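Chemist: below is the sequence, then the predicted model.
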Amino acid sequence: PFGLDHTLTAGIVSGVGREMQSVTGHIIRDVVQTDAGINPGNSGGPLLDSRGRLVGVNTAAARHPMTVAGFGLAVPSDTVRRVVNQLIRHGRVIKPGLGLALMHASHSRQLLGAQPGAVVYAVTPGSGAAQAGIAGARVDEHNNVYLGDVIVKVAGQPVASAEDLISVVEQFALGDQVPLTLHRYSSRTPIDRN
């Protein structure tokens, strides 16, 4: 860090299962928290255990505005292994998908209130979601919103939001069948957005 090479920092893993938002806005789950210093120049370096085994890849430093001290976040080695294998095999990361677009969380909350679920906004023609008969929302000429399907479980796991759905689906491989539990809304009743 800071232009100094051959630097080693020491720390402990102080938490696992954390979440962080990537620069693209995607949530990275199961991140490892460490108190080892992560500074410009050593992010991207390995986070090793006392036996020299890879625990994760140092990714970001986090600081609370009321303190000087902070902590580091590392992408876990399982995630790194999966991504690197795809980069080697395909030259890019290939993520499984259902063939649908989900409504943004703020719009979903506005429409569903406290009810959990991922609101299907649109379905890609010819996709697995289309073949399964999943219905997206529609908006009429008066700007009334008519919900189609809301996904409430994926592979038996409850889904509270679009991020939950994405997190579960990413655990599957391309071509896997993914069981969904849906709540289907009437296509004739507009949803009150007030």
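Modeler: Alright, I've got the coordinates.
Chemist: quick check: phi and psi at residue 102.
Modeler: phi -110, psi 150 (degrees, to the nearest 10).
Chemist: now do the one 3 residues further on
Modeler: The phi/psi pair for residue 105 (degrees, to the nearest 10) reads phi -60, psi -40.
Chemist: same question for residue 78.
Modeler: The phi/psi pair for residue 78 (degrees, to the nearest 10) reads phi -60, psi -40.
Chemist: how many other residues sit next to it?
Modeler: When neighbours are counted by other C-beta atoms under 10 Å, residue 78 registers 10. Every C-beta, even on glycine, is put in place using the N, C-alpha and C of the backbone.
Chemist: contact partners for it?
Modeler: Residue 78 makes contact with residue 30 under the criterion C-beta atoms under 8 Å, 6 or more residues apart in numbering.
Chemist: at 6 Å instead, please
Modeler: If you count contacts by C-beta atoms under 6 Å, 6 or more residues apart in numbering, residue 78 has none.
Chemist: can you check residue 169 too?
Modeler: Going by C-beta under 6 Å, 6+ apart, the list of residues near residue 169 reads residue 96.
Chemist: again, only this time at 7 Å
Modeler: Contact partners of residue 169, counting by C-beta atoms under 7 Å, 6 or more residues apart in numbering, are 96, 97, 98, 154, 178.
Chemist: ditto for residue 45
Modeler: For residue 45, the contacting residues are residue 58, by C-beta under 7 Å, 6+ apart.
Chemist: pLDDT score assigned to it?
Modeler: Predicted confidence (pLDDT) for residue 45: 83.
Chemist: so how far is residue 11 from it?
Modeler: Distance from residue 45 to residue 11, counting by C-beta to C-beta, to the nearest Å: 13 Å.
Chemist: swap in residue 165?
Modeler: Taking C-beta to C-beta, one finds residue 165 at 34 Å from residue 11.
Chemist: related to what we said a few turns ago, possible to save the contacts of residue 169 as a markdown table with distance to residue 116 and neighbour count?
Modeler: Below are those laid out as a markdown table (distance: C-beta to C-beta, whole Å; neighbours: other C-beta atoms under 10 Å):
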| residue | distance to residue 116 | neighbour count |
| --- | --- | --- |
| 96 | 22 | 14 |
| 97 | 21 | 16 |
| 98 | 18 | 24 |
| 154 | 12 | 22 |
| 178 | 18 | 17 |
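Chemist: nearest to residue 56, of those?
Modeler: Nearest to residue 56 out of the contacts of residue 169 is residue 96 (C-beta to C-beta; 22.8 Å).
Chemist: ok, that closest one touching residue 175?
Modeler: No - using C-beta atoms under 7 Å, residue 96 makes no contact with residue 175, being 8.1 Å away.
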